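**Student:** mind looking at a prediction? Sequence and model below.
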Amino acid sequence: MGETILIADDSAEIRKFLEQTVLMPAGYTVYSVGDGMSALTLIRELRPDVVLADQHMPSLKGLDLIRRVKRDLPMLPMILMTAEGSEALAVDAMRAGAVDYLVKPFDAEHLLAAVGRALAAARRGTDVLKAQAEARAGAQSLEHQLHELEALAHIGRTVTAMLDLDQVLTTVVESAVGLTEAEEGSLLLLDEESGELTMRASMNFDDEFARTFRLRVEDSLAGQVIATGQPVILDEGAPQKIKTSYLVHSLLYVPLRARGRTIGVLGVDNRKAGRTLTKEDMTVVMAMADYAAIAIENARLFNRSESERVQLETILAQTEDGVIVVDAENRLLLINRSAAEALEAHEPLVGRSLVETLEHPQVLALLRAPGNAPRREEIELKDGRVVNAQRTPIEGVGQALVMQDITHLKELDRIKSEFVTTVSHDLRSPLTAILGYVELIDRTGPINDQQREFIRRVGSSVEQITALISDLLDLGRIEAGLDSARENTPLTVLARYAVETLRNTADMRKVTLEVNLPEDLPLVNGDPIRLRQMIGNLLDNAVKYTPAGGHVGIEAVAEADQVILRITDTGPGISPADQPYLFDKFFRASNAPDDVSGTGLGLSIVKSIVDSHNGRIWVDSALGKGSRFTVVLPAVAP
Ligand code: ADP
């Protein structure tokens, strides 16, 4: 049988003429097609000995056909036929690799001669030609690889820079198709709930088909890839019916892996014959699949953090507390609705500096305050509300200000102190009257001894009630934080006053006072009246509970940046069981003597005063031996 010749020409007449009148009679086997793409496919399939290609053809022009074929089959002689007959085209034809160039019209003899030459040259297969071709093919394949690498790198960059997942996946599919020169491609994702694969991105598929595409995992080739996690190549040899609806000639499916699982399949295929998919194609498509998997994973993470961000934003926006976050340069990073409303912040907010946005002097001062320590301040707003503003530094961000509306608490506070004042007045006045009249009784006439004793008891009870009321009122005021007067105070001076006040009582009770209060102790920042009260209560207890002949000591020392006050006595001591409750309201120890009156509020007041001065207090005591109360207060830096 003669050599095979393929004719590619869009004119059926010319094909018929060349085939039946010229070439077949000359003993050649002839095939003919009417367009460039079909010619390309057929050439790959048939491997003819000579190709006659017309320049003017649909889908692929003669020159382009020659160029494409030369890439795969550099030794195949190809002749370009053209009606144009320009010199430039002739040069292009030679450059593209055509062995000859025939201008229409040409006669049969001319054509046969050209075919003969082409075949002879091909048959001779001179070493030079072969070597040249091989070199060219080698260079071309290197160039091809280079092109492929460049494309991969480019796609990698593009894909990682894109945020829109659909766009990323479409680019991946298009790149996979482009790099493998396949006809079509698709990216299928597994829907875990339904166990079906859906087409998330595609190229050269009908839109409607892609949109409605559903494939069960169990009965599909793609499903097999999902199940095994292994890629699949089907080639020419065994055309298979996949996806039930159409036939492909070659196909390549690779798994998409994320977080150790196969989440989908990236595939390319050819419906027409003539094009196989290779191991190299598989490597390329797998790289593409990795990009897709990374993009899907990124999108998942992004969506998750985005939804968390939205949730947080909603919470912040809805919360009643005002929240402001600024960076290290005091530029606004976040301000929620509540804060913006309360401070009448100027739009636009985020990104602007504080001074441009807010006017409230206290808020500005609080956020500008030097140092990194958290700070708290009560701030009155223009509308009369009072907020508790807490500034907190945030490492690596800047600082946050949270404002809590405490208007109702302030109001309660006001009501409480009003109540305290009223009660103190309303209760004390009648008591003063009782005491006054009781004292007047013996002036109105003679009274017997029993009456005198009763009058004494009434008087002492009234005094007790008065003391109780004063203690209660004091405690109320101290606990409510109403005594906020602070000045730098010499503790030892206050202590000496307290000692002098008690000296008479001590003498009467035959208790010795031992005083050690140095002049040069550091000052304490506090309310002098309350501090004096605190020392007085402790000394009073010590003198009160220590039996005749005992000793009471008071001493003060400075240690580190603290002033330490110790009040000791040789009294009855306090049992370990009672010690934990000593500072509770109305508590009196089990061994408190009946004849020593008290309200059980003295030490509660002491504790409240020490607490409100950021100090500490504790007791060391042993039954029958005595007690030592220690108060530690922060000293003012000299
Ligand atoms: P009171 O008015 O009863 O003295 P305080 O709160 O001052 O109330 O003291 C609570 C109780 O602690 C006292 O009732 C007493 O039993 C005990 N206490 C306080 N100071 C001493 C002390 N120096 N020695 C022994 N017991 C004391």
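**Tutor:** Sure, I can see it.

**Student:** you'd agree residue 393 is in a strand?
**Tutor:** Yes - under DSSP: H, G, I helix; E, B strand; the rest coil, residue 393 falls within a strand.

**Student:** wait, doesn't it sit right on residue 370?
**Tutor:** No - counting by Cβ atoms under 8 Å, residue 393 does not reach residue 370; the two are 11.5 Å apart. The C-beta positions use only the backbone N, C-alpha and C, and glycine is treated the same way.

**Student:** which residue, neighbours along the chain excluded, lies closest to residue 66?
**Tutor:** Nearest residue to residue 66, sequence neighbours excluded (Cβ to Cβ, 6 or more residues apart in numbering): residue 96, at 4.5 Å.

**Student:** neighbour-wise, which of residue 393 and residue 370 wins?
**Tutor:** Between residue 393 and residue 370, counted using other Cβ atoms under 10 Å, the more crowded position is residue 393 (14 against 5).

**Student:** contacts only, for that one.
**Tutor:** 372, 373, 374, 399 (Cβ atoms under 8 Å, 6 or more residues apart in numbering).

**Student:** host element of the residue most central in space within the chain?
**Tutor:** The C-alpha lying nearest the average C-alpha coordinate of the chain belongs to residue 305 (Cα atoms, centre = their mean; 6.2 Å). Secondary structure assigned from DSSP states H and E places residue 305 in helix 279-318.

**Student:** from the contact counts, what lies against that helix?
**Tutor:** Using 3 or more Cβ pairs under 8 Å, 6 or more residues apart in numbering; DSSP states H and E as the contact test, the elements touching helix 279-318 are helix 127-161, helix 165-180, strand 250-258, strand 261-270.

**Student:** which of those has the lowest average pLDDT?
**Tutor:** If you rank these by mean pLDDT, helix 127-161 sits at the bottom with a mean of 70.

**Student:** I'd assumed residue 187 was in contact with residue 172.
**Tutor:** Yes - counting by Cβ under 8 Å, residue 172 does reach residue 187; the two are 6.6 Å apart.

**Student:** shared neighbours, those two?
**Tutor:** Common neighbours of residue 172 and residue 187, counting by Cβ under 8 Å, 6+ apart, are 201, 266, 292.

**Student:** turn the residues you listed into CSV, including neighbour count and distance to residue 85.
**Tutor:** CSV is the format used below for those (neighbours: other Cβ atoms under 10 Å; distance: Cβ to Cβ, whole Å):
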residue, neighbour count, distance to residue 85
201, 23, 47
266, 30, 48
292, 29, 50
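
**Student:** turn those into a markdown table, including distance to residue 310.
**Tutor:** Converted to a markdown table, the shared contacts of residue 172 and residue 187 look like this (distance: Cβ to Cβ, whole Å):
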| residue | distance to residue 310 |
| --- | --- |
| 201 | 26 |
| 266 | 31 |
| 292 | 26 |
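
**Student:** pick the one among these closest to the ligand.
**Tutor:** residue 292 (76.6 Å; Cβ to the nearest ligand atom).

**Student:** check contacts around that closest one.
**Tutor:** With Cβ under 8 Å, 6+ apart, residue 292 has these contacts: 159, 168, 169, 172, 187, 256, 264, 266.

**Student:** let's see it at 7 Å
**Tutor:** 169, 172, 187, 256, 266 (Cβ atoms under 7 Å, 6 or more residues apart in numbering).

**Student:** nearest to the ligand among those residues?
**Tutor:** Out of those, the member with the shortest distance to the ligand (by Cβ to the nearest ligand atom) is residue 256, at 76.2 Å.

**Student:** I'd say that closest one and residue 265 touch.
**Tutor:** Yes - with contact defined as Cβ atoms under 7 Å, residue 256 reaches residue 265; the gap is 6.3 Å.

**Student:** more crowded one of those two?
**Tutor:** Between residue 256 and residue 265, counted using other Cβ under 10 Å, the more crowded position is residue 256 (30 against 26).

**Student:** for the contacts of residue 393, which one is nearest the ligand?
**Tutor:** residue 374 (34.1 Å).

**Student:** got the domain ranges for this protein?
**Tutor:** For the chain, automatic domain parsing gives the domain ranges 1-161, 163-318, 320-405, 409-479, 487-634.

**Student:** and those domains: which comes nearest the ligand?
**Tutor:** Nearest of those (Cβ to the nearest ligand atom): domain 487-634, 2.5 Å.

**Student:** what's the offset of the closest one from the middle of its chain?
**Tutor:** Mean-position distance between domain 487-634 and its chain equals 54 Å (Cα atoms, centre = their mean, to the nearest Å).

**Student:** first vs last residue of that domain, how far apart are they?
**Tutor:** Terminal residues of domain 487-634 are spaced 13 Å apart (Cα to Cα, to the nearest Å).

**Student:** and it with the ligand, contact?
**Tutor:** Yes - counting by Cβ under 6 Å from any ligand atom, the ligand is contacted by domain 487-634 at 541-542, 545, 569, 571-572, 574, 582, 587-589, 592, 598-604, 627.

**Student:** among those residues, name the buried ones.
**Tutor:** 541-542, 545, 569, 571-572, 574, 582, 589, 592, 598-604, 627 (16 or more other Cβ atoms under 10 Å).

**Student:** narrow those to those in strands?
**Tutor:** 569, 627 (DSSP state E).

**Student:** isn't residue 407 right up against residue 386?
**Tutor:** Yes - with contact defined as Cβ under 7 Å, residue 407 and residue 386 form a contacting pair (5.1 Å).

**Student:** these two: who's more crowded?
**Tutor:** Higher neighbour count among residue 407 and residue 386: residue 386, with 18 against 14, using other Cβ under 10 Å.

**Student:** does that one touch residue 408 like I think?
**Tutor:** No - counting by Cβ under 7 Å, residue 386 stays clear of residue 408, with 9.4 Å between them.

**Student:** tell me, how many residues neighbour residue 38?
**Tutor:** By other Cβ under 10 Å, the residues close to residue 38 number 18.

**Student:** checking it next. Helix, strand or coil?
**Tutor:** What three-state DSSP gives for residue 38 is helix.

**Student:** for this structure, name the helix or strand with the lowest mean pLDDT.
**Tutor:** strand 240-242 (a mean of 52; mean pLDDT, DSSP states H and E).

**Student:** all helices for the stretch 501-638 of the chain, in order.
**Tutor:** 528-545, 602-612 (DSSP state H, counting those that start in this stretch).

**Student:** elements contacting the first one?
**Tutor:** Meaning helix 528-545. If contacts are counted by 3 or more Cβ pairs under 7 Å, 6 or more residues apart in numbering; DSSP states H and E, helix 528-545 sits against strand 487-489, helix 491-509, strand 551-559, strand 562-569, helix 602-612.

**Student:** filter the shared contacts of residue 172 and residue 187 down to the ones near the ligand?
**Tutor:** Among the shared contacts of residue 172 and residue 187, none lies close to the ligand by the criterion of Cβ under 6 Å from any ligand atom.
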